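Colleague: dropping the sequence and predicted coords here.
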Amino acid sequence: MPKDKFFKVIANKEHPGEKLVPTHCSYCGMQCGMNLRVDTGTNKIIGVEPRYDWPVTLGKMCPKGVTAYQQTNHDDRLMKPLIRNDRSLRGTKEGFREATWEEAYDLIVRKFQEMQQSYGRDSLSVFSGVSMTNEKCYLTGKFARVGLQTRYIDYNGRFCMSSAAAGFLRTFGIDRGSTIPWTDLHETDCLFIAGSNTAECHPTSMFRIWEVQNRGGYLIVADPRETPIARRADVHLDLRPGTDLALANCMVHLLIKGGYTDERFVAEHTNGYEELAELVKEFTPEYTSEITGVAPEKLIRAAEIYGKAPNAVVMFARGIEQQHKGSDNVSAYTNMCLVTGKIGRPKAGVATFTGQGNGQGGREHGQKADALPGYRKITNPKHVEDVSKVWGIKPEEMPQPGVSAYEMFGLMKEKTIRGLYLLCSNPAVSAPNLNEVRSALMSLDFMVCSDIFLSESAEYADVVLPSTTWSEDEGTVTNLEGRIIKINKAQEPIGESKPDWLMQVELAERLGRGQYFRHLTSARAINDEFRLASKGGYADYYGATWEKIEEQQGVFWPCKDDADKGTPHMFLDKKFYHPDTKAKLCALPYRPPAEEPCDDYPLRLTTGRVVYHYLSGNQTRRIPFLHAMCPEPFVEVHPETAGKYGIEHEEIVKLATRRGTANFKVKMTEAIRPDTVFVPYHFGHDESVNLLTIAALDPMSRMPEFKVCAVQIHKTVHANKKQQSQSEAVIR
Ligand SMILES: Nc1nc2c(c(=O)[nH]1)N[C@H]1C(S)=C(S)[C@@H](COP(=O)(O)OP(=O)(O)OC[C@H]3O[C@@H](n4cnc5c(=O)[nH]c(N)nc54)[C@H](O)[C@@H]3O)O[C@H]1N2
Ligand SMILES: Nc1nc2c(c(=O)[nH]1)N[C@H]1C(S)=C(S)[C@@H](COP(=O)(O)OP(=O)(O)OC[C@H]3O[C@@H](n4cnc5c(=O)[nH]c(N)nc54)[C@H](O)[C@@H]3O)O[C@H]1N2
Ligand code: SF4
Ligand SMILES: [Mo]
């Protein structure tokens, strides 16, 4: 396809009567390139084909991506607003009636105004998500602060990218998820990957990872489970969940001991080396082995490989980040790049596997409790002034910072927060310690939920608003590299569904705040304002126009103006974003997980994903192929552990923590440590593993410790017949 046709609709010559709309997948941060196939008679999406011309993924897609199009015209789509007429049925699918948009808006506006009059502006809250475009994420932040005038807004990235963000901000003074473009990855000499199940969660990165090994390079993987990448790794560091900080400190210990440090780089471009060198002295392979359970020889071999590699990339994901010391883990692993000087040049650096499609852009433009567009701080008077100017408000009208996602539920329970506008997230499945979260949702006076399907969280709502899918609207998304890309509209919104930005503009009008929103009549108009609002911030998108995105196959931020082509490689000039331009080496003492195993709760529970489902599963559980491949959750148990408890493969067991219990079918596997069990979290109601997880929060990032808590495992008599018979189906 000629480049100038990059995101223009093209005729499908192979299938007359069809057109192809170039866009990207709705799901993960890879944002694989795809063409949506649209029937030109009905103007409906009917299929998909990969886009070979997309440089990041080169025509690769995973099972979720090839079926993503089936969401758009799915029978379960919400077509009209719903109003709850029976509050006693909250927490169930029952008790709703269909309504017109006017009725729904009237009710929302009346309730919101009543609550704010009686209990103050901050009695309302907004909880959002980053499966939305930058334009929607930006507008949601503005809608909370200017439309609703509340301080309480936070989002699901708090459960996802917040530790990476906090760690990178501390180390570099800026938080761009990858310091290099993905197109460099396969050319490096060593990949050190910690806490990422890349093959299942970012599958279209795999061809680059295998290519490193095919070229004679090395792969080191740190994961308690033998995931597909761990299986093929040159060294698998099979650590106990929650012990990464010791492992990372040990790597730095061994890099110093082996003489692999770059003294000149350390002296000229970093601070804190002396303190770090002192701290890591203690982390000998033997001592670290006691904490992590990883054999000392493996630790030594891993450090040697990384140390000797001319170029290397340290990569990580939620395995290390979803801990109550996740941001310390991020800074500690990043120390490896800094002490060896393997950063600030092509093919070397650090990257986190950003989770959601717009996990990067969505965290930069003001959905966080303390952040404003362009990664500005709501506590910085200059930043507030800059953004207030763009928004047309007085700086003193800017609300104060709010609290983090999980903490909002605490405020709901104590009735400080009384109303919730939830969009693009399903916390009744995905938040930790669900018994608490579900009772917080029950305690609300009034709740609005905008979604494409009736989610488990929508079951708690008083009004449900039907939103459009990604394929029925346009805008930009920032992928896991930091590359801003364009999502294109392939069909008109189904039924009466509307894009979230339009709901907010219309609600603002009815709330008497129309003057700040009514000029925003399209995604394009929002993009213009949002680029301006980001101008001069750390995450400067001002120069990333839609035209430039098309011309260059995406634009890497920062991109300051028209002449700026963007920044694929970070720190090429060895200047970091702290005032003295130096990166900070962080000396971070080891701390155990918030909840260690004990006699009563003897095992470690960790949670995560499978390739067939996405997050809370509200989208993927409805796709027939994905459901058939993985119809229910399971618990991975090592045969040795199973033997100890007299448990068999495919038997239903009960898991119990200090917070709750849930039953799962056993998947017996040697690919997990005997002291650890694993459950994927994509399922709702009593199948949610989050009934068990702990909400211990990282003090810096406020990330909950999804990745480790203490658990009991019990044999069950097959009392639950229904579940037993359902469980005949295949597990993965
Ligand atoms: N198929 C699929 N792909 C996805 C998603 C999805 O839901 N499904 N979600 C997207 C999103 S939003 C995200 S955030 C990413 C998540 O991507 P990942 O972080 O790769 O996924 P997880 O399965 O949560 O966890 C990764 C690994 O961490 C390991 N782990 C657990 N505890 C520890 C620990 O203490 N230390 C270390 N080093 N490792 C540990 C687990 O065994 C697991 O293999 O995936 C994205 N892609
Ligand atoms: N135990 C455990 N829990 C976890 C994790 C873990 O590893 N273990 N991981 C955490 C992580 S990394 C994440 S990212 C969170 C994610 O958790 P959630 O935020 O719950 O993620 P989703 O399932 O993507 O929820 C998005 C919802 O919005 C809907 N939706 C999709 N597109 C749109 C749109 O354009 N507009 C609107 N209004 N709605 C839309 C979807 O149907 C879905 O119901 O889960 C976290 N929870
Ligand atoms: S790897 Fe991620 S973006 Fe690519 S097709 Fe799969 S879910 Fe979609
Ligand atoms: Mo995530």
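Modeller: Received, thanks. Since the structure is predicted, the reported quantities are computational estimates derived from the model, not experimental observations. Ligands and ions are numbered 1, 2, ... in the order given.
Colleague: quick one, what contacts the closest residue to residue 17 other than its chain neighbours?
Modeller: Nearest residue to residue 17, sequence neighbours excluded (Cβ to Cβ, 6 or more residues apart in numbering): residue 40, at 5.6 Å. C-betas here are computed from N, CA, C, even on glycine. Shown in contact with residue 40 (Cβ atoms under 8 Å, 6 or more residues apart in numbering): 17, 18, 19.
Colleague: closest to ligand 2 among those?
Modeller: Minimum distance to ligand 2 across the contacts of residue 40 is 22.9 Å, recorded for residue 19 (Cβ to the nearest ligand atom).
Colleague: now what about the helix or strand hosting that closest one, what contacts it?
Modeller: Assessed by DSSP states H and E, residue 19 sits inside strand 18-24. Applying Cβ under 8 Å, 6+ apart, the external contacts of strand 18-24 come out as 6-12, 31-40, 46, 49, 51, 54, 357, 470-471, 477, 479, 485-490.
Colleague: again, only this time at 7 Å
Modeller: 6-7, 9-12, 31-40, 51, 477, 485, 487-488, 490 (Cβ atoms under 7 Å, 6 or more residues apart in numbering).
Colleague: how about the CA coordinates for it, as PDB?
Modeller: Extracted in PDB, the C-alpha atoms of strand 18-24 (Å, rounded to 0.1, in the frame of the first residue of the first chain):
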ATOM      1  CA  GLU A  18     -16.000  -4.500   0.900                       C
ATOM      2  CA  LYS A  19     -13.700  -1.700   2.000                       C
ATOM      3  CA  LEU A  20     -10.800  -1.900   4.400                       C
ATOM      4  CA  VAL A  21     -10.300   0.600   7.200                       C
ATOM      5  CA  PRO A  22      -6.800   0.600   8.600                       C
ATOM      6  CA  THR A  23      -6.700   0.800  12.400                       C
ATOM      7  CA  HIS A  24      -5.300  -1.000  15.400                       C
END
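Colleague: list the contacts for residue 164?
Modeller: Residue 164 sits next to 177, 321, 330, 352 when contact means Cβ under 7 Å, 6+ apart.
Colleague: 8 Å - rerun?
Modeller: 175, 177, 316, 321, 326, 327, 330, 352, 354.
Colleague: in the protein, where's the longest helix?
Modeller: In the chain, assigned by DSSP state H, the helix with the most residues is helix 101-119.
Colleague: elements contacting that one?
Modeller: Here helix 101-119 touches strand 82-84, strand 124-128, strand 419-423, strand 446-451, strand 463-466, helix 500-510, going by 3 or more Cβ pairs under 8 Å, 6 or more residues apart in numbering; DSSP states H and E.
Colleague: is that helix up against ligand 2 anywhere?
Modeller: No. Helix 101-119 stays clear of ligand 2 (Cβ under 6 Å from any ligand atom), getting no nearer than 13.9 Å.
Colleague: same question for stretch 74-92.
Modeller: No. Counting by Cβ under 6 Å from any ligand atom, ligand 2 is not contacted by stretch 74-92; separation bottoms out at 9.4 Å.
Colleague: avg pLDDT for that stretch?
Modeller: Per-residue pLDDT over stretch 74-92 has a mean of 97.
Colleague: what of stretch 631-641?
Modeller: Rounded mean pLDDT across stretch 631-641 is 98.
Colleague: next, the buried residues of that stretch.
Modeller: 631, 632, 633, 634, 635, 636, 637, 638, 641 (16 or more other Cβ atoms under 10 Å).
Colleague: lowest-scoring secondary structure element of this structure by mean pLDDT?
Modeller: When each helix and strand of the chain is scored by mean pLDDT, DSSP states H and E, helix 721-726 comes last, with a mean of 46.
Colleague: can you lay out the buried residues of stretch 631-641 as a markdown table showing secondary structure and distance to ligand 4?
Modeller: Output for the buried residues of stretch 631-641, formatted as a markdown table (DSSP: H, G, I helix; E, B strand; the rest coil; distance: Cβ to the ion, whole Å):
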| residue | secondary structure | distance to ligand 4 |
| --- | --- | --- |
| 631 | coil | 23 |
| 632 | coil | 22 |
| 633 | coil | 18 |
| 634 | strand | 21 |
| 635 | strand | 21 |
| 636 | strand | 20 |
| 637 | strand | 25 |
| 638 | coil | 27 |
| 641 | helix | 28 |
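Colleague: give me the residues contacting stretch 44-53.
Modeller: Stretch 44-53 is contacted from outside by 1, 6, 18, 20, 22, 32-39, 57-61, 65-66, 68-69, 72-73, 471, 490-491, using Cβ under 8 Å, 6+ apart.
Colleague: does that stretch come close to ligand 3?
Modeller: No. Using Cβ under 6 Å from any ligand atom, stretch 44-53 stays clear of ligand 3, with a minimum separation of 8.6 Å.
Colleague: from the chain's centre, how far out does that stretch sit?
Modeller: Centroid displacement of stretch 44-53 relative to its chain, using Cα atoms, centre = their mean, to the nearest Å, is 25 Å.
Colleague: pLDDT on that stretch, on average?
Modeller: For stretch 44-53, the per-residue pLDDT averages 96.
Colleague: and that stretch, which residues are buried?
Modeller: Quick answer for stretch 44-53 (16+ other Cβ under 10 Å): 45, 46, 47, 48, 49, 50, 51, 53.
Colleague: what residues are bridge-paired with the fourth one?
Modeller: When you say that, I think you mean residue 48. Residue 48 has these beta-bridge partners by DSSP bridges: residue 36.
Colleague: and this structure, split by domain according to the record?
Modeller: 10-71, 82-158+358-556, 162-352, 603-731 (automatic domain parsing).
Colleague: so the last one, near ligand 3 or not?
Modeller: When you say that, I think you mean domain 603-731. No. Remark: domain 603-731 sits outside contact range of ligand 3, by Cβ under 6 Å from any ligand atom, the gap being at least 6.8 Å.
Colleague: distance of residue 576 from ligand 1?
Modeller: Distance of residue 576 to ligand 1, computed by Cβ to the nearest ligand atom, to the nearest Å: 25 Å.
Colleague: what's the burial count for that residue?
Modeller: 23 (other Cβ atoms under 10 Å).
Colleague: tally of neighbours for residue 469?
Modeller: Counted with other Cβ under 10 Å, residues neighbouring residue 469 total 25.
Colleague: doesn't residue 26 make contact with it?
Modeller: Yes. The pair residue 469 / residue 26 is scored as a contact, 6.7 Å apart, by Cβ atoms under 8 Å.
Colleague: what residues are shared contacts of these two?
Modeller: In contact with both residue 469 and residue 26: residue 71, using Cβ under 8 Å, 6+ apart.
Colleague: follow-up on the earlier one: let's have the buried residues of stretch 631-641 in TSV, adding distance to residue 462.
Modeller: Shown next, in TSV, are the buried residues of stretch 631-641 (distance: Cβ to Cβ, whole Å):
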residue	distance to residue 462
631	31
632	31
633	30
634	35
635	36
636	39
637	41
638	46
641	45
